[in-house]
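Participant: 3D model of this:
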Amino acid sequence: VAAVAVALPARWSALAALGAAVGMRQGELFALAVDDLDFLRRNVHVAVQLKRVGGRVCFAPTKNRKIRDVPVSARVIPILSEHVRLFPPVEVTLPWHDLQDPKRHGKPVTRRLMFTKPDGGAVLDRMVANRAWTKAWKAAGVPDVGRNGMHVLRHTAASAWLSNGLGLARTAAYLGDTQEVILRTYSHFMAKDEDRAREIMDAFLEPLSGDASTGPAEAAQ
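Facilitator: Coordinates of the predicted model:
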């Protein structure tokens, strides 16, 4: 992650740490407003994504309309603070796209975006995913398997959470997805949960061991 951050253009460098730390989707990251970040409590509020509809870039509800709060690592907060200092948030106004909410649909929405193009516009094209990210992965020595765009940061967050013992339900909540999807996609990272299950049962069933000379029936008693 650190190597990728160095290889990215400076105005997007913080995306590497943030994306790996919170698992947000690309559209959510580029819709992130400075007001969504609570630097003191180390928390990010995820409720909006950037979306292209009919060739037009819009703000829209998140996928599955899941609104969530995700804890941010203390190591990422200084990176975001420095990013704000170097690249102050830019006010961007775009139409709101939500067919399920006719009252708001099509109305202009202004957000102070954390990450923008050099000209201050919203980012939602292949420029970052296909060019900047491909170069960054290559510079960092990450194998090119055809799917190493920004989305791999989401996989990084999920794998780190699960392999280090964060529960399935909480991981799904932080990613804004269902437990079924998380289990189907990341179950191979949950081996430590199996080890922990064995440890729990080894301790719980220790009385079954009994004395080495005791038969199974007697030991069970």
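Participant: Asn112 is in contact with Val84, isn't it?
Facilitator: You called it Asn, but residue 112 is Arg. No. In this structure, Arg112 is not within contact of Val84 by CB atoms under 8 Å, at 10.1 Å. Where you see a C-beta, it was placed from the backbone N, CA and C, and this is true even at glycine.
Participant: any residues in contact with both of those two?
Facilitator: Val34 (CB atoms under 8 Å, 6 or more residues apart in numbering).
Participant: bridging residues for the closest residue to Lys51 other than its chain neighbours?
Facilitator: Spatial nearest neighbour of Lys51, excluding adjacent residues (CB to CB, 6 or more residues apart in numbering): Ala60 at 4.2 Å. Under DSSP bridges, the beta-bridge partners of Ala60 are Gln49.
Participant: tell me how many other residues crowd Ala60.
Facilitator: Ala60 has 23 neighbours, counted by other CB atoms under 10 Å.
Participant: can you give me the strands for this protein?
Facilitator: Ranges of strands in the chain, per DSSP state E, are 37-38, 43-46, 48-53, 56-61, 68-71, 90-95, 108-113.
Participant: make JSON lines out of the ones you listed and add distance to Gly27 and mean pLDDT.
Facilitator: Listed next are these as JSON lines, based on distance: least, CB to CB, whole Å; pLDDT from 0 to 100:
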{"stretch": "strand 37-38", "distance to Gly27": "17", "mean pLDDT": "97"}
{"stretch": "strand 43-46", "distance to Gly27": "11", "mean pLDDT": "97"}
{"stretch": "strand 48-53", "distance to Gly27": "4", "mean pLDDT": "94"}
{"stretch": "strand 56-61", "distance to Gly27": "8", "mean pLDDT": "95"}
{"stretch": "strand 68-71", "distance to Gly27": "14", "mean pLDDT": "96"}
{"stretch": "strand 90-95", "distance to Gly27": "12", "mean pLDDT": "97"}
{"stretch": "strand 108-113", "distance to Gly27": "12", "mean pLDDT": "97"}
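Participant: for Gly120, which of those is the nearest?
Facilitator: strand 90-95 (4.6 Å; CB to CB).
Participant: in the closest one, which residues are buried?
Facilitator: If you call a residue buried by 16 or more other CB atoms under 10 Å, then strand 90-95 has these buried ones: 90, 92, 94-95.
Participant: helices or strands up against it?
Facilitator: Contacts defined by 3 or more CB pairs under 8 Å, 6 or more residues apart in numbering; DSSP states H and E place strand 90-95 against strand 56-61, strand 108-113.
Participant: quick check: which of those is buried the most?
Facilitator: strand 56-61 (a mean of 20; mean count of other CB atoms under 10 Å).
Participant: I'd like to know how many residues surround Val123.
Facilitator: 22.
Participant: which one of the helices and strands packed on strand 90-95 lies closest to Ile77?
Facilitator: If we rank the helices and strands packed on strand 90-95 by CB to CB, the stretch that ends up nearest is strand 108-113, at 17.9 Å.
Participant: what about the closest one, distance to the chain center?
Facilitator: Taking CA atoms, centre = their mean, to the nearest Å, one finds the center of strand 108-113 at 22 Å from the center of the full chain.
Participant: report the angle between the axes of that strand and strand 48-53?
Facilitator: Interaxial angle of strand 108-113 relative to strand 48-53 (axes from the mean of the first three to the mean of the last three CA atoms, to 10 degrees): 120 degrees.
Participant: give me the contact list for strand 108-113.
Facilitator: 30-35, 48, 59, 89-96, 122.
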